[in-house]
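**Student:** Can you look at this prediction? I've put the sequence above it.
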Amino acid sequence: MESILTMTHVRLFDKFCNKSTITFHKFLLPIICLLLTLPAQSQTVSGTYETADIPTNLGSYSSSCNGPLTVISIALPAGNSWTVTSIDIVYNMTAQGGGWKSHQRSYIRCQNTATSEGSVYQGTGDVGGIQMYNRPGVNIANGPYSGGTILKFEMRAWRTAIGSGCSPVNNKVDNFTWIITVHYSSLPDEGSVGIGTTSPATSAILDLTSTTQGFLPPRMTTAQRNAIPVPVPGMIIFNLSTQNLEIFTSGWGSI
C-alpha cells in the first residue's frame, strides 16, 4: 500500500473545512478536517495479456494487426466509486529472424479515456534479442470511475523494417510479459468517507470503523500545549499532564 494525496482530498477539505456556513459539533469538525488532510490509501489491481504473442505490422501501427485486437481488461472492484491515479506498464518485445530491437515501436492506449501515451517507445541496438519496457506512473487512465468498471488497454506495436505485413516472425510482444497495474484510490469525490469500511453509512460524512483501533489526536504536556504559537478555535489535543482531551475556543478547555 502506498500513500497518495488526491484532488478529492482538496475538494472535500475545501467543502467541509473552509466553509464557515457549515456548522458541525465543535468536537467533530476538527476531527473531520484533520482526517481529510491525511493521504488516502492507494490500492492496486493488475492484468496480464495471456492470449498469444502479439504480432507487429511493418511500417506503421495497424488496427487490424493489434490495438483493439490485443486488449488487457481490468475490472475495478464493485461497490464503491474509485479514482484511478496512475498505471504501471511492463512488457518484453523480442527481435528475431533478422529483425532488430531498434526496429521496435510501441505505446499503450486506454479505451475508457481515449487517451494514448504521449511518446512512441522504441528498442535499442541493431541486434536481435529481448527488449524490456517498464514505464511506471503513466496517467492515461486517470480519473473517477464507478465500481465494477472494466478498464481496457490496447497494445499498439509495429516494426520499421524486415518482413512484410502483420507478423510475429521478426518482432513481437512476448506473451505473458505485458502487464498493466492500476493504482486507484478508495476516497470518493462526493458522499460518505469510510475509514476501515468500504460501505460507510450514507447519512454520515465520515464513518470510522474498527474493533481494534481508536482515533488518536496529538498528545502533549500542558507546557508543550502552551508553546503552540497561534492556536486557532477548533484545535484539539490530548493533554498528557491532565489526561484530558482538550479543545481551543477562546482558550484551552477539556471536552
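**Tutor:** Good, I have the coordinates. Numbers count the residues shown, from 1 in each chain.

**Student:** where does the protein have low pLDDT?
**Tutor:** Scanning the chain for pLDDT under 70 picks out 1-41, 187-192.

**Student:** Who are the contact partners of Leu179?
**Tutor:** You called it Leu, but residue 179 is Ile. Counting by C-beta atoms under 8 Å, 6 or more residues apart in numbering, Ile179 touches 46-49, 89-91. Any C-beta I mention is one placed from the backbone N, CA and C, and that applies to glycine too.

**Student:** Could you identify the buried members of the residues you listed?
**Tutor:** Those of the contacts of Ile179 that meet the buried threshold are 47, 49, 89-91, by 16 or more other C-beta atoms under 10 Å.

**Student:** which among the contacts of Ile179 gets closest to Ser73?
**Tutor:** Comparing the contacts of Ile179 against Ser73 with C-beta to C-beta places Gly47 closest, at 6.5 Å.

**Student:** Going by distance to Gly147, which of the buried ones among the contacts of Ile179 wins?
**Tutor:** The nearest one, if we look at these relative to Gly147 and count by C-beta to C-beta, is Gly47, at 17.0 Å.

**Student:** wait, isn't the closest one in contact with Leu76?
**Tutor:** No - using C-beta atoms under 8 Å as the test, Gly47 is too far from Leu76 to be in contact (11.2 Å).

**Student:** which residues do those two both contact?
**Tutor:** Common neighbours of Gly47 and Leu76 (C-beta under 8 Å, 6+ apart) are Val182.

**Student:** What about the contacts of Ile179, which are in strands?
**Tutor:** Among the contacts of Ile179, DSSP state E puts 46-48, 89-91 in strands.

**Student:** want to throw the residues you listed into CSV with distance to Gly98?
**Tutor:** Formatted as CSV, the ones in strands among the contacts of Ile179 follow (distance: C-beta to C-beta, whole Å):
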residue, distance to Gly98
Ser46, 34
Gly47, 33
Thr48, 29
Ile89, 28
Val90, 26
Tyr91, 22
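
**Student:** Can you report how many residues neighbour Trp178?
**Tutor:** When counting by other C-beta atoms under 10 Å, one arrives at 25 neighbours for Trp178.

**Student:** pretty sure it is in contact with Met155, am I right?
**Tutor:** Yes - the pair formed by Trp178 and Met155 meets the contact definition of C-beta under 8 Å, at 6.1 Å.

**Student:** Now do the shared contacts for those two.
**Tutor:** 49, 54, 72, 91.
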